[in-house]
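K.L.:
the amino acid sequence is not available; the structure is as follows:
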């Protein structure tokens with residue numbers, strides 16, 4: 001009976017065909033490039049953001065969904081690492097190599113015109129869940145004047161009104177190793193254009209006096225060579241201050257409600273009750289104003305400290 005050639009390997013088969021292919025840098029580069037570029041999706045406008053961890057960074061994907069993540073796959077072997085770090089094509093997919101400005105400006109994946117040259121910052125906001133999909137932050141306007149870029153971002157009240165703090169909500173599920181000093185993402189520049197440009201990133205919170213945060217606005221100035229590490233530190237600082245204010249505001253509101261309940265339960269004339277209630281509300285308004293001023297000082301102080309730390313390195 002003739003041998004089944006479909007199940008029997010050829011005589012010279014050694015079992016390492018894949019290894020031989022991967023040992024050729026040009027072939028490995030082509031395979032990885034095709035695998036990564038076919039998994040990119042356009043701007044998600046639905047609840048599930050798709051397979052990318054740091055949308056729209058095509059090279060950073062969720063492996064458990066069968067995708068290829070260049071940051072992780074470079075650990076497979078020295079050949080993989082050398083191929084990835086020696087390939088401009090692959091490094092562009094990781095935002096580790098600059099793109100032509102014209103190429104970036106033709107990209108329609110960004111939600112607002114004018115955001116194309118700073119895609120790495122969009123990816124960081126996505127990783128931190130500071131997006132419109134997460135009901136946390138939205139870029140409502142992009143202003144370009146004489147080559148100067150300004151993003152106008154607004155914080156949703158939902159970021160503060162849930163059970164967890166803004167800090168835990170945005171940073172609580174960052175992947176293991178995210179904060180490692182040698183993490184590759186830290187070296188990525190916020191502007192991945194060949195001719196880079198600076199960015200003013202203005203963050204506002206148009207809250208009411210009874211919300212868990214006061215009205216505020218702050219502008220983070222990013223220079224052409226600033227990295228995601230610096231951007232992360234500034235955003236983390238904002239979330240830290242917001243979380244501390246939120247906890248203090250909730251505690252203050254609880255104290256006021258307890259005082260109101262005590263006043264209602266205390267037998268007294270209507271005139272005395274109204275007088276006591278007015279005095280209590282004045283005390284509460286004064287405390288709230290003091291807390292708002294403390295929030296403003298803390299945010300400016302924290303931001304200045306991070307800026308100074310960057311300048312000293």
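P.N.:
Now that the structure is in, tell me what you want to look at. Note that the structure is a prediction, hence the values are computed from the model and not measured. Residues are numbered from 1 along each chain as shown.

K.L.:
got the contact list for residue 112?
P.N.:
139, 141, 142 (CB atoms under 8 Å, 6 or more residues apart in numbering). Backbone N, C-alpha and C define where each C-beta goes, glycine included.

K.L.:
narrow those to those that are buried.
P.N.:
Burial by neighbour count, judged by 16 or more other CB atoms under 10 Å, picks out 139, 142 from the contacts of residue 112.

K.L.:
what secondary structure does the closest residue to residue 123 other than its chain neighbours sit in?
P.N.:
Distances taken as CB to CB, 6 or more residues apart in numbering place residue 54 nearest to residue 123, at 3.8 Å, with adjacent residues excluded. Residue 54 falls in the coil class when you classify it by DSSP: H, G, I helix; E, B strand; the rest coil.

K.L.:
pretty sure residue 54 sits against residue 128.
P.N.:
No. If you go by CB atoms under 8 Å, residue 54 and residue 128 don't touch, sitting 9.6 Å apart.

K.L.:
the two - which one has more neighbours?
P.N.:
residue 54 (25 against 22; other CB atoms under 10 Å).

K.L.:
ok, that one to residue 180 distance?
P.N.:
Counting by CB to CB, to the nearest Å, the gap from residue 54 to residue 180 is 16 Å.

K.L.:
repeat for residue 253
P.N.:
Note on residue 253: its distance to residue 180, by CB to CB, is 39 Å.

K.L.:
please say which of the two ends up with more neighbours.
P.N.:
Set residue 253 next to residue 180 and count neighbours by other CB under 10 Å: residue 253 wins out with 14 against 10.

K.L.:
in what helix or strand does residue 129 lie?
P.N.:
Per DSSP states H and E, residue 129 falls between elements, in no helix or strand.

K.L.:
so it makes contact with residue 168?
P.N.:
No. Residue 129 lies out of contact with residue 168 (CB under 8 Å); the separation is 10.7 Å.

K.L.:
more crowded one of the two?
P.N.:
residue 129 (19 against 13).

K.L.:
which one is that one nearest to, not counting chain neighbours?
P.N.:
Spatially, and ignoring its direct neighbours in sequence, residue 129 is nearest to residue 170 (5.3 Å; CB to CB, 6+ apart).

K.L.:
can you pull out the helices in the stretch 51-200 of the chain?
P.N.:
Counting by DSSP state H, counting those that start in this stretch, the stretch 51-200 of the chain has helices at residues 70-73, 78-85, 88-93, 101-105, 119-127, 158-161, 166-171.

K.L.:
distance to residue 300 and mean pLDDT added to those helices, as a markdown table?
P.N.:
Putting the helices of the stretch 51-200 of the chain into a markdown table (distance: least, CB to CB, whole Å; pLDDT from 0 to 100) gives the following:
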| stretch | distance to residue 300 | mean pLDDT |
| --- | --- | --- |
| helix 70-73 | 35 | 92 |
| helix 78-85 | 40 | 93 |
| helix 88-93 | 37 | 96 |
| helix 101-105 | 33 | 91 |
| helix 119-127 | 22 | 93 |
| helix 158-161 | 19 | 81 |
| helix 166-171 | 18 | 89 |
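
K.L.:
would you turn those helices into TSV with distance to residue 197?
P.N.:
TSV is the format used below for the helices of the stretch 51-200 of the chain (distance: least, CB to CB, whole Å):
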stretch	distance to residue 197
helix 70-73	26
helix 78-85	26
helix 88-93	18
helix 101-105	9
helix 119-127	12
helix 158-161	29
helix 166-171	26
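
K.L.:
just name the most buried of the ones you listed.
P.N.:
When the helices of the stretch 51-200 of the chain are scored by mean count of other CB atoms under 10 Å, the highest mean neighbour count falls to helix 119-127 (a mean of 23).

K.L.:
show me what contacts the residue nearest to residue 174 when sequence neighbours are not counted?
P.N.:
Closest residue to residue 174 apart from its sequence neighbours, by CB to CB, 6+ apart: residue 127 at 7.3 Å. Neighbouring residues of residue 127 by CB under 8 Å, 6+ apart: 53, 54, 174.

K.L.:
redo that, cut-off 10 Å
P.N.:
By CB atoms under 10 Å, 6 or more residues apart in numbering, the contact list for residue 127 reads 52-55, 57, 60, 170-171, 173-175, 178, 185, 228, 232.

K.L.:
top of those residues by neighbour count?
P.N.:
residue 57 (27 neighbours).

K.L.:
quick one, phi psi at it?
P.N.:
phi -70, psi 100 (degrees, to the nearest 10).

K.L.:
now the nearest residue to it once chain neighbours are set aside: how far from residue 302?
P.N.:
Spatial nearest neighbour of residue 57, excluding adjacent residues (CB to CB, 6+ apart): residue 123 at 4.4 Å. As for residue 123, its distance to residue 302 is 23 Å (criterion: CB to CB).
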